[in-house]
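1. got a structure for you, letters missing:
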């Protein structure tokens, strides 16, 4: 994660396959989202188009911004996030 002046950029989140589906990714993102809320900053992440984690990001309120090669740039904004 890179905390920039105007946004938080998630560089990479990687879990071993045996750890997937156990809520770890959601917990990591919840912590990052709390930081974003506290600083009133959006979160940006580039996700490969075929990455199964795309469902998680969309479920958490990330929105598609643009396609960049094999990646989708997604953004989450505290003010537009769904209530938890």
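-> On my side now, so go ahead. These numbers were taken from a predicted model, which means no experiment stands behind them. Residues are numbered from 1 along each chain as shown.
2. how close does residue 20 sit to residue 8?
-> Distance, residue 20 to residue 8, by C-beta to C-beta, to the nearest Å: 23 Å. Where C-beta positions appear, they are placed from N, C-alpha and C, glycine not excepted.
3. who's in contact with the nearest residue to residue 6 once chain neighbours are set aside?
-> Spatial nearest neighbour of residue 6, chain neighbours left out: residue 41 (6.7 Å); criterion: C-beta to C-beta, 6 or more residues apart in numbering. Contact analysis of residue 41 by C-beta atoms under 8 Å, 6 or more residues apart in numbering lists 3, 6, 7, 8, 35, 78.
4. of the residues you listed, buried ones?
-> With burial judged by 16 or more other C-beta atoms under 10 Å, the buried subset of the contacts of residue 41 is 7, 8, 78.
5. surely residue 24 meets residue 14?
-> No - here residue 24 lies out of contact with residue 14, judged by C-beta atoms under 8 Å, at a distance of 10.8 Å.
6. These two - which one has more neighbours?
-> Legend: neighbour count by other C-beta atoms under 10 Å for residue 24 and residue 14, higher for residue 24 (13 against 7).
7. got the contact list for the more buried one?
-> Residue 24 touches residue 15, counting by C-beta under 8 Å, 6+ apart.
8. what about 10 Å?
-> 13, 15, 16 (C-beta atoms under 10 Å, 6 or more residues apart in numbering).
9. Which helix or strand contains the first one?
-> Of the helices and strands defined by DSSP states H and E, none includes residue 13.
10. follow-up on the earlier one: is it possible to get a markdown table of the buried ones among the contacts of residue 41 that adds secondary structure, distance to residue 28 and pLDDT?
-> Formatted as a markdown table, the buried ones among the contacts of residue 41 follow (DSSP: H, G, I helix; E, B strand; the rest coil; distance: C-beta to C-beta, whole Å; pLDDT from 0 to 100):
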| residue | secondary structure | distance to residue 28 | pLDDT |
| --- | --- | --- | --- |
| 7 | coil | 18 | 93 |
| 8 | strand | 13 | 95 |
| 78 | helix | 17 | 92 |
